[in-house]
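Novice: Below is the sequence, then the predicted model.
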Amino acid sequence: MNLFADIRSLVITSLDALVADDVLPAGLETRNVTVEPPRDAAHGDMATNAAMVLAKPAVKKPRDIAEALAAKLSDDPRIIDASVAGPGFLNLRLAPAAWHGVLAAVLEQGTEFGRAALGQGQRVNVEYVSANPTGPLHVGHTRGAVFGDALASLLDYAGWEVTREYYINDGGGQVDTLARSVYLRYLEAHGQDVAFPEGTYPGDYLIPVGEALKAKVGDDYLYKGEQYWLADVREFATESMMDLIKEDLAALGVKMDRFFSEKSLYGTGLIEAALESLKDKGLIYEGVLEPPKGKKPEDWEPREQTLFKSTEHGDDVDRPVKKSDGAWTYFAPDIAYHFDKVERGYDQLIDVFGADHGGYVKRMKAAVSALSDGKTPLDIKLTQLVKLYKNGEPFKMSKRAGTFVTLRDVVDEVGPDVTRFHMLTRKNDADLDFDFDKVLEQSRENPVFYVQYANARVHSVLRKAAEAGIDVSSPDISLLDHAAELGLIAKLAEWPRLVETAARTNEPHRVAFYLYDLAAAFHALWNKGNDEPALRFVQESDSHATSAKIALARAVSIVISAGLGILGVTPVEEMR
């Protein structure tokens, strides 16, 4: 049940009636007519912009349309007041029975309440993390992993068929560097003193990999040139790192549906097939690019390269796909990978990149637009930096990683639930401060605690009612008539609308924000009970009132649980 959608349907039906009455002309476009919570709750329960949107095409004053629409809407028993505000906004107040219907729907549907059919019949691929397999995931990857996973869950909840995908960057020179670094740890495992040249990976995480390599091959690689061992060690090291990365993701509660290897694109004809597809569309040519901005002419050596006409699909410049020496550019396998996604028949693609990949956005969108003939939209979400603090000071690097703070450092410090929720308390493209002390603080300023505390309070009420022997199995929710109680139900009614809005914009942080607001509304009602005993959830002398009030509390817990489920956070029933 989506009450906002239901009232919008009522508005559209009423507009049709005004057309039939010759008050409005036929053929008006109502796509941009909205029904949403008013900015100021004192103005009403809902507001519609219908009169403002239709005034110009109807050649009428907004206020005249709003007044005629108000008269039609007032005929519906759900509407107890429809009043015109300002130049033509229409504020609506709903009858208590309308809110009671929402509560009944929550109790009946459980955590399915709010689940949408927005993406029904559509397949979406969400690619996220996709870190180089050269070491453990760092805190920047943590944010991308949490964001991507929550977005995938949100889209699933909104009706899409979702594939969670990880692109393994195992086709570049960094995996050769990894192999050489593992070989040094292999020599170390044989008792040799080694030094790590600049550019290799000196982190302690490779010590067990070197030892495992020794256990597998013994001394076969000792005193041998890398032409003898490089390929085998590269494969062994990559698999070992991916096992480590999968363990890191599991610690965060992230499980991928598919891992796609960049290496699988080389020597298989996949890159050639992707570029041939673009060539068939007249988008591949041989040419010379202008010098990069900031380059002096004498520093620039023009070379003929194979270029993709990405400017024909919204990019700033055309992009090279093959170098003058015949080698593929970094962009070529990216094109081939997305060609593979398009060929798999997804209706939508989403890539989650770190902020340092902002320069890739236009070229990747251009590639997908060209490959799919504009039929498959690609949305690229950038996750900004995370700044870590502890005891008021920047959190230091991990000894295990050698150069950065790892995902496991964060999860081991505060747990996966706190990590995930806090990573979603800011929009993905805004910087995020992660203070280890504050995220564990038990206060309203800590949204993780504040939402979980609301859920724990609900369960404390359920336990108290059970201890008092109060039957809450058949509540008469019509007994809920206080403005504060109806206001809390109104907040619950926003949940289905919020799900659709967040899914349309690919913004899972909206779920975290909503949960905080819902928790605040619940805590406010709880605190009112301190001053007004009739608002307390347990009325020991009135089992009927208690049953109704506890039904409201249960509904809050249901929606909190559904929202936390999308975020990948486990609801708690008791605070420690």
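Specialist: Noted; the coordinates are in hand.
Novice: what's the burial count for the closest residue to D156 other than its chain neighbours?
Specialist: Once flanking residues are discounted, D156 sits nearest to V162: 4.7 Å by Cβ to Cβ, 6 or more residues apart in numbering. In short, each C-beta sits where N, CA and C put it, glycine included. Counted with other Cβ atoms under 10 Å, the neighbours of V162 add up to 24.
Novice: V162 and F236: what is the separation?
Specialist: 33 Å (Cβ to Cβ, to the nearest Å).
Novice: same thing with G144?
Specialist: From G144 to F236 the distance is 27 Å (Cβ to Cβ).
Novice: How about P77?
Specialist: Applying Cβ to Cβ, the value for P77 to F236 is 71 Å.
Novice: mind checking pLDDT for L498?
Specialist: For L498, the model assigns a pLDDT of 97.
Novice: wait, P297
Specialist: 61.
Novice: and A42, what is it in contact with?
Specialist: With contact set as Cβ atoms under 8 Å, 6 or more residues apart in numbering, A42 has no partners.
Novice: So it: helix, strand or coil?
Specialist: Reduced to three states with DSSP: H, G, I helix; E, B strand; the rest coil, the structure at A42 is helix.
Novice: Over to L222?
Specialist: coil.
Novice: What is the burial count for it?
Specialist: 13.
Novice: P292 too?
Specialist: So P292, with other Cβ under 10 Å, has 9 neighbours.
Novice: Let me know the secondary structure of R408.
Specialist: Assigned with three-state DSSP, R408 falls in the helix class.
Novice: For burial, what's the neighbour tally of it?
Specialist: As a measure of burial, R408 has 21 neighbours, counting by other Cβ under 10 Å.
Novice: quick one: contacts for it?
Specialist: With Cβ under 8 Å, 6+ apart, R408 has these contacts: 136-137, 248, 251, 400.
Novice: Report the spatially nearest residue to Q109, omitting neighbours in sequence.
Specialist: M1 (7.6 Å).
Novice: more neighbours, P77 and F236?
Specialist: F236 (19 against 10).
Novice: Am I right that the residue nearest to D156 falls within a strand?
Specialist: Yes - counting by three-state DSSP, V162 falls inside a strand.
Novice: Hmm, A150 and it touching each other?
Specialist: No - at 11.7 Å, V162 does not count as touching A150 under the criterion of Cβ atoms under 8 Å.
Novice: tell me the phi and psi of L118?
Specialist: phi -60, psi -40 (degrees, to the nearest 10).
Novice: Show the contacting residues for the residue nearest to it when sequence neighbours are not counted.
Specialist: Once flanking residues are discounted, L118 sits nearest to A158: 4.5 Å by Cβ to Cβ, 6+ apart. A158 makes contact with 115-119, 499-500, 502-503 under the criterion Cβ under 8 Å, 6+ apart.
Novice: now do 7 Å
Specialist: 116, 118-119, 499-500, 503 (Cβ atoms under 7 Å, 6 or more residues apart in numbering).
Novice: what does P475 give?
Specialist: P475 neighbours (Cβ under 7 Å, 6+ apart): 547-548, 551.
Novice: cool, V538 as well?
Specialist: 461, 464-465, 468, 546.
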